[in-house]
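Undergrad: sequence first, then the predicted structure:
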Amino acid sequence: MEKHKQTHYETISRHLIMPSDLNPNHSIFGGMLIAWLDKDLYIYVSSHVKCRQMVTVSMDKVYFKNPAYLGEVIEISGAVKQVRRTSVTALGRAVAVDPENGQSRIIIECEISYVAIDEHGRPRLLSR
């Protein structure tokens, strides 16, 4: 019987949902969440693999689970899933927290892959 491995996420950033972050339905715009996840996970994994120049090559398994609303705090968490020769894949999660009562719920989960590049934009080996 195979045991399910629990992923350990680290909180890497927090964002306050402001009026400019909302869509016409008055919940957070999904594109804003994706931008926060991409940037914040980039910072997280670049520190993990000690690489300053990387590009996003894919966002997979993007699941919007719940809406988030004005005044809630979005906590972005990440975990390194896999480091390969030239790339690193991270798991990302955003949780909305209501600052008044502390209740939270998962808003989005995804997997993002980044490739290390050289000064000419070509893939380069990650140092180990």
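TA: That came through fine.
Undergrad: residue contacts, the nearest residue in space to residue 110 that is not next to it in sequence?
TA: Spatial nearest neighbour of residue 110, excluding adjacent residues (Cβ to Cβ, 6 or more residues apart in numbering): residue 62 at 4.3 Å. Every C-beta, even on glycine, is put in place using the N, C-alpha and C of the backbone. Residues in contact with residue 62 (Cβ atoms under 8 Å, 6 or more residues apart in numbering) are 34, 108-110.
Undergrad: pLDDT on the strand or helix carrying residue 62, on average?
TA: Using DSSP states H and E, residue 62 maps to strand 54-64. Mean per-residue pLDDT for strand 54-64: 96.
Undergrad: now it: buried residues?
TA: 54, 64 (16 or more other Cβ atoms under 10 Å).
Undergrad: check stretch 104-118 too.
TA: So stretch 104-118, judged by 16+ other Cβ under 10 Å, has buried residues 107-116.
Undergrad: show me what the strand ranked longest in the chain is packed up against.
TA: Counting residues, the longest strand found in the chain (DSSP state E) is strand 104-116. Judged by 3 or more Cβ pairs under 8 Å, 6 or more residues apart in numbering; DSSP states H and E, strand 104-116 is in contact with helix 30-49, strand 54-64, strand 73-83, strand 87-97.
Undergrad: okay if I get these as JSON lines plus distance to residue 11?
TA: Formatted as JSON lines, the helices and strands packed on strand 104-116 follow (distance: least, Cβ to Cβ, whole Å):
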{"stretch": "helix 30-49", "distance to residue 11": "10"}
{"stretch": "strand 54-64", "distance to residue 11": "19"}
{"stretch": "strand 73-83", "distance to residue 11": "5"}
{"stretch": "strand 87-97", "distance to residue 11": "9"}
